[in-house]
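**Q** heads up, no residue letters with this:
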């Protein structure tokens, strides 16, 4: 059975995943998701027990894939040579910024020729605002746009306490600023007030922290408690640690040139450990 390469119009990764959920993919098919985000960030959106994830990054990590067109092309062509399944590629705009539109378009044209002789399908996430009309036309000529029946996509965060603003706890999708190494930048979120604070609100804030790659295991333990005062006190403590880690990361990314030192420091930040020592090292002057 001949398959194809197609485009899915999506403004961000969340929207892309929502569209994927609308596709009819047999359970027996293999599924591969190639993204700018590691599996640890995608775990709350994808069933990674069924979907194999590749992280486009320069880091040498398990499941990583160097964001070179040659490496991506080799992975896809070697995968579609056997079996059957679907490959989802997110990050076309980023690859274009790295390698240029013509190079990316040429790779897609090459893949389109190969995929027609396989039992695989490929779906590319394309943001309408990232390409001009001519570029979109060329892209859709090789990878036609999938048409979806529009439906209201319900937010995962609908039922919030009216005492707390949606902007304080509602995740704004997976799209976020990335560091040069491909990891999400730490950002300061609006502090949650005690009024209206609930276990559900805390769960959503933990989810936001986890998407930044932060280790939240310590505060997650408080979710087993029914004492909201205990939960809020622990939240305030962790929020302060995140603030310190965010300031440290900003300094380290701008001033630390040694690759190994930077990697170790950033890892410790995401564990929210050793902040006192890191502050002495970088802020003592």
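**A** Thanks, I have the structure now. Note that the structure is predicted; figures quoted are calculated from it, not measured.
**Q** the helices in this structure, which residues?
**A** 13-21, 39-42, 69-79, 92-99, 101-115, 133-142, 166-169, 199-211, 217-220, 228-255, 259-271, 275-283 (DSSP state H).
**Q** let me have the ones you listed in JSON lines, extended by mean pLDDT and distance to residue 49.
**A** In short, each C-beta sits where N, CA and C put it, glycine included. Below are these laid out as JSON lines (pLDDT from 0 to 100; distance: least, Cβ to Cβ, whole Å):
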{"stretch": "helix 13-21", "mean pLDDT": "86", "distance to residue 49": "16"}
{"stretch": "helix 39-42", "mean pLDDT": "74", "distance to residue 49": "11"}
{"stretch": "helix 69-79", "mean pLDDT": "94", "distance to residue 49": "19"}
{"stretch": "helix 92-99", "mean pLDDT": "89", "distance to residue 49": "26"}
{"stretch": "helix 101-115", "mean pLDDT": "93", "distance to residue 49": "26"}
{"stretch": "helix 133-142", "mean pLDDT": "91", "distance to residue 49": "32"}
{"stretch": "helix 166-169", "mean pLDDT": "48", "distance to residue 49": "28"}
{"stretch": "helix 199-211", "mean pLDDT": "85", "distance to residue 49": "18"}
{"stretch": "helix 217-220", "mean pLDDT": "80", "distance to residue 49": "20"}
{"stretch": "helix 228-255", "mean pLDDT": "92", "distance to residue 49": "29"}
{"stretch": "helix 259-271", "mean pLDDT": "84", "distance to residue 49": "24"}
{"stretch": "helix 275-283", "mean pLDDT": "92", "distance to residue 49": "34"}
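**Q** burial check on residue 241, number of neighbours?
**A** Residues lying near residue 241 (other Cβ atoms under 10 Å) number 16.
**Q** that one reaches residue 274, doesn't it?
**A** No. Between residue 241 and residue 274 there is no contact under Cβ atoms under 8 Å: 10.9 Å.
**Q** could you chop the chain up by domain?
**A** Split into domains by automatic domain parsing, the chain comes to 5-142, 166-283.
**Q** got CSV for those, with distance to residue 148 too?
**A** Below are the domains of the chain laid out as CSV (distance: least, Cβ to Cβ, whole Å):
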stretch, distance to residue 148
domain 5-142, 6
domain 166-283, 18
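**Q** which one of the helices of the chain lies closest to residue 86?
**A** helix 13-21 (8.5 Å; Cβ to Cβ).
**Q** who are the neighbours in contact with the residue positioned nearest the centre of the chain?
**A** The C-alpha lying nearest the average C-alpha coordinate of the chain belongs to residue 37 (Cα atoms, centre = their mean; 3.6 Å). Residue 37 is in contact with 13, 55, 90, 174, 184, counting by Cβ atoms under 8 Å, 6 or more residues apart in numbering.
**Q** most neighbours, which of the residues you listed?
**A** residue 90 (26 neighbours).
**Q** correct me, but residue 269 touches residue 212?
**A** No. Residue 269 is not in contact with residue 212 according to Cβ under 8 Å; the separation is 10.1 Å.
**Q** now the common contact residues for these two.
**A** Joint contacts of residue 269 and residue 212 (Cβ under 8 Å, 6+ apart) are residue 186.
**Q** neighbour count: those two, which is higher?
**A** residue 269 (24 against 20).
**Q** which non-adjacent residue is nearest that one?
**A** residue 245 (4.5 Å; Cβ to Cβ, 6 or more residues apart in numbering).
**Q** count of residues packed around the one you found?
**A** 22.
**Q** tell me how far it lies from residue 218.
**A** Distance of residue 245 to residue 218, computed by Cβ to Cβ, to the nearest Å: 14 Å.
**Q** mutual contacts of the two, please.
**A** residue 272.
**Q** follow-up on the earlier one: and the residue nearest to the centre of the chain, how far from residue 192?
**A** 25 Å.
**Q** again with residue 72
**A** Taking Cβ to Cβ, one finds residue 72 at 40 Å from residue 192.
**Q** my read: the residue nearest to residue 269 touches residue 275, true?
**A** Yes. With contact defined as Cβ under 8 Å, residue 245 counts as touching residue 275 (6.4 Å).
**Q** shared neighbours of these two, which are they?
**A** Joint contacts of residue 245 and residue 275 (Cβ under 8 Å, 6+ apart) are residue 269.
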